[in-house]
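Trainee: below is the sequence, then the predicted model.
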Amino acid sequence: MSVKTLLTNRTSLEGQVKVPGDKSISHRAVMFGSLADGITRIENFLPGEDCLSTISCFRQLGVEIIQNGSDVTVKGKGTDGLNKPEETLYVGNSGTTIRLMMGILSGLPFKSTLEGDESIARRPMTRVTLPLAKMGARIMGRNNGEFTPLTVEGQKLTGITYELPIASAQVKSAILLAGLQAEGETVVIEPVKTRDHTERMIKQFGGEVERNGDAVKVTGGQLLKGTEINVPGDISSAAFFLVAGAVVPGSDIILRNVGLNPTRTGIIDVLKAMGADFSIDAYEGESAEPAGDIRIKHSKLKGTIIEGDLIPRLIDEIPVIALLATQAEGKTVIKDAGELKVKETNRIDTVVNELKKLGVEIEATDDGMIIQGQQGLDGGTVSAHGDHRIGMMLSIAALLCKRDVVLEQSESIAVSYPGFFEDLYSLLGK
Ligand SMILES: O=C(O)C1=C[C@@H](OP(=O)(O)O)[C@@H](O)[C@H](O)C1
Ligand SMILES: C=C(OP(=O)(O)O)C(=O)O
């Protein structure tokens, strides 16, 4: 376990940072590149541990993938080019990898087993195995398919129409990936629109997908062709610096090449509602995924309510938004976010418990939290609990602390942002 002494009591962040590639898009680029025919070149791939787990799983399935930092080449041979792996497929800490891969493996003519770390072993999987079983998949796992290890016996699949009981892009994507191999049409109906990177990528690889209101439809048996993907920066990673810039007095920073897909920009809506001082310079021209530069300065903030359709558009940013709220005038209420309980950790409990250790007044509710504003932060020993987003949120919280802060399990940050501390220190002029 790595223990890190964090920088505290800071007066300003200045300069600019180009945040690393988007995690959701990087995973999907490798997956679609592996399913497609021909070469896929990925630029600005995120070389974080989660996306490296996706690469290693597809290598185990026989796909040749060349990775040089953020440059990746995938030599796809279509689904016929995917072979039975000799060993268990290890997904590490990555929920996206295991859930999307179940969709892919369900339609392939062999048996394989998926497993991950202790956090993955606690995360619910029937949300995926249930709809896939309706399509004809055979998936076995602990507690009737709820937990890893999971064994997938590929079958001939049939398209279904499925109404998602929860708003989840991972479940939607798993069903669409199975649908691409199934006979007939597969329709997924979302309760709230979630990130649509899978749909955009199907089109980038030459496939067809239709959206009609809340329904997304694919037809099985489409030919996907290798392509070039330029991954925009991850707004979920930029979020830590957006918050740092907004709350550390004297700050004025620019974040370059941030992905601005509207299904991901909930944090921008929150910054606006809180009265933050920021501007966006969106890049012009046709691109599968919009991106731009964001400049943010320290300013006075006011509390807000975060709920409903906004939640899936900022689900991974809630830990750092909770910190943002501690500096606003008045209280902030976060509701409808029960999904936080089944992430890398129970993020309602970890956020509340760790921020309390720094002297913050914050209360957990059944589906979110209530955060009091205008708080001074103290110091102490905190832990990431193996959760990258908690580790980064606490590193930003430390900037506001008057006393020393020590972070346990800081190594987990490499799951989504291996260069996080270098980028943070560069903004701090270190
Ligand atoms: O599809 C994706 O890439 C993701 C979807 C979200 O999960 P859910 O689908 O479980 O909400 C998100 O929390 C995760 O970090 C990435
Ligand atoms: C929840 C996350 O990822 P995953 O579900 O892929 O583990 C995350 O990155 O915050």
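Mentor: Everything's here; your move. Numbering: from 1, shown residues only. Ligands and ions are numbered 1, 2, ... in the order given.

Trainee: distance-wise, check the residue of the chain found nearest ligand 2 relative to residue 340.
Mentor: Per Cβ to the nearest ligand atom, residue 95 is where the chain lies closest to ligand 2, at 2.7 Å. For glycine as for every other residue, the C-beta is placed from the backbone atoms N, C-alpha and C. To residue 340, residue 95 is 13 Å away according to Cβ to Cβ, to the nearest Å.

Trainee: for residue 14, same thing?
Mentor: For residue 14 relative to residue 340 (Cβ to Cβ), the value is 32 Å.

Trainee: the more surrounded of the two?
Mentor: residue 340 (23 against 14; other Cβ atoms under 10 Å).

Trainee: now for the more buried one: which residues touch it?
Mentor: 315, 318, 346-348, 368 (Cβ atoms under 8 Å, 6 or more residues apart in numbering).

Trainee: recalculate using a threshold of 10 Å.
Mentor: 311, 315-316, 318-319, 334, 346-351, 364, 367-369 (Cβ atoms under 10 Å, 6 or more residues apart in numbering).

Trainee: now do residue 417
Mentor: 19-20, 23, 46, 48, 234, 236-237, 240, 388-389, 391-392, 423-424 are the contacts of residue 417 under Cβ under 10 Å, 6+ apart.

Trainee: and residue 294, what element?
Mentor: strand 291-297 (DSSP states H and E).

Trainee: elements contacting that strand?
Mentor: Strand 291-297 sits against strand 14-18, helix 235-247, strand 252-259, helix 266-274, strand 277-282, with contacts defined as 3 or more Cβ pairs under 10 Å, 6 or more residues apart in numbering; DSSP states H and E.

Trainee: and it, what's buried?
Mentor: 291-294, 296-297 (16 or more other Cβ atoms under 10 Å).

Trainee: in CSV, list these along with pLDDT.
Mentor: What follows is the buried residues of strand 291-297, written out as CSV (pLDDT from 0 to 100):
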residue, pLDDT
291, 98
292, 98
293, 98
294, 98
296, 98
297, 98
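
Trainee: using a markdown table, lay out those together with distance to ligand 2.
Mentor: A markdown table is the format used below for these (distance: Cβ to the nearest ligand atom, whole Å):
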| residue | distance to ligand 2 |
| --- | --- |
| 291 | 19 |
| 292 | 22 |
| 293 | 23 |
| 294 | 20 |
| 296 | 21 |
| 297 | 27 |
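
Trainee: who in the stretch 201-350 of the chain is up against ligand 1?
Mentor: Proximity of the stretch 201-350 of the chain to ligand 1, by Cβ under 6 Å from any ligand atom, involves residues 315-316, 339.

Trainee: quick one on the thing from earlier: the contacts of residue 340 in strands, which ones?
Mentor: 334, 364, 368-369 (DSSP state E).

Trainee: among these, which pair sits farthest apart?
Mentor: 334 and 364 (10.2 Å; Cβ to Cβ).

Trainee: which residues does residue 306 contact?
Mentor: 266-267, 269-270, 273-274, 314, 317-318, 321-322, 325, 332-337, 368-369 are the contacts of residue 306 under Cβ under 10 Å, 6+ apart.

Trainee: so how far is ligand 1 from residue 320?
Mentor: 14 Å (Cβ to the nearest ligand atom, to the nearest Å).

Trainee: local confidence estimate at that residue?
Mentor: pLDDT recorded at residue 320 is 98.

Trainee: can you count the residues close to it?
Mentor: 26.

Trainee: swap in residue 140?
Mentor: Neighbours of residue 140 (other Cβ under 10 Å): 14.

Trainee: that one belongs to a strand?
Mentor: Yes: when DSSP: H, G, I helix; E, B strand; the rest coil is applied, residue 140 is found to be in a strand.

Trainee: from the buried residues of strand 291-297, which single one is nearest ligand 1?
Mentor: residue 291 (17.0 Å).

Trainee: now do the contacts for the nearest residue to the closest one once chain neighbours are set aside.
Mentor: Distances taken as Cβ to Cβ, 6 or more residues apart in numbering put residue 232 closest to residue 291, at 3.8 Å, once the chain neighbours are dropped. Applying Cβ under 10 Å, 6+ apart to residue 232 gives the contacts 19, 21-22, 25, 44, 257-261, 264, 283, 287-292.

Trainee: okay, residue 232: pLDDT?
Mentor: Taking residue 232 on its own, its pLDDT is 98.

Trainee: and residue 358, what does it touch?
Mentor: 323, 326, 375-382, 394, 397-398, 400-403, 405.

Trainee: show the buried residues in those residues.
Mentor: Buried among the contacts of residue 358 (16+ other Cβ under 10 Å): 323, 326, 375, 377-379, 382, 394, 397-398, 400-401, 405.

Trainee: circling back to that earlier point, might you report the residue contacts of the residue of the chain closest to ligand 2?
Mentor: 50, 116, 119-120, 123-125, 128, 168, 170, 342-344.

Trainee: would residue 199 count as being in a strand?
Mentor: No: counting by three-state DSSP, residue 199 is located in no strand; its state is helix.

Trainee: that one: how many residues sit nearby?
Mentor: Neighbours of residue 199 using other Cβ under 10 Å come to 21.
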